[in-house]
Structure formats: C-alpha cells, structure tokens
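Colleague: could you work out the structure for the sequence below:
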Amino acid sequence: MDRLKNRSDFLRAARGIRRVTPGLTLEICRNPTVETVRVGFTASRKIGGAVERNRAKRRLRAAAAAVLPLAALPGTDYVLVARRDTASRPFESLKSDLAQALKAAHLKLGRPGESH
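Modeller: Numbering: from 1, shown residues only. All right, here's what the predicted structure looks like:
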C-alpha cells in the first residue's frame, strides 16, 4: 500500500464516497492513474491536542494495516479520518468499523450508472 501525501489527493477522496462509523470516517474514490492501493490518514484539531491526534492516527494506521490488505480494491484511494472515539474505542471495534465501512463503500462504488 502506498501513502497519500498531497492535499489534492485528500480533496479528491473527500469528493468521493464517504461512510461514517462510530470509530472513523472512510472516504474513498477510484484513481485510474495508479494500479495500487493508496491510503491516507487525517485527524483534525477537533480530536484534541497533538498527542491525541497522533494516537488516533497511529490506531488508524494499525487498523488499516490489519484490514486493508484483505479488502482493498486496486486502483482505489482510501482516506481514514479520525473521530472523537477513535483513540478510546477498543481496537477490535475499530477494525470492525473499518471493515463495515469498506463493505458499504465498495457496494456503492460498484453500482453502475451512478456518478461518483
């Protein structure tokens, strides 16, 4: 998995499909220019100070490392956005939140005839 680093990539994902769960928000979009899975992580100041934001992003990275290799679609960009409960939610619940959001987003992504 490659990492998203440019702001334009994050903004494109934000315009794509969004699924919200108690532990995280998942934003995905197709990227026809790459064949790999790319993933980015973000936590706003609403989460808390730098320590809380860093902890939330570490937990998102760990959940993504556990779930995305099994479920991610090649040529798709994923952005995991931390929510207030990300840092305190049990890790198994966080992983199931990500898996649930992925399944719902992939269903929406695969529907023909809809604009994305």
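Colleague: in contact with the residue most central in space within the chain, which residues?
Modeller: Nearest to the geometric centre of the chain sits residue 80, at 2.6 Å (C-alpha atoms, centre = their mean). Going by C-beta atoms under 8 Å, 6 or more residues apart in numbering, residue 80 touches 24-26, 39-42, 60, 63-64, 98. For glycine as for every other residue, the C-beta is placed from the backbone atoms N, C-alpha and C.
Colleague: what does residue 83 give?
Modeller: Applying C-beta under 8 Å, 6+ apart to residue 83 gives the contacts 20, 22-25, 47.
Colleague: ok, residue 35 - how many residues close by?
Modeller: The number of residues packed near residue 35 is 8, by other C-beta atoms under 10 Å.
Colleague: could you look up the SS state of it?
Modeller: Secondary structure assignment for residue 35 (DSSP: H, G, I helix; E, B strand; the rest coil): coil.
Colleague: I'd guessed it sits against residue 76; true?
Modeller: No. Judged on C-beta atoms under 8 Å, residue 35 makes no contact with residue 76 at a distance of 10.4 Å.
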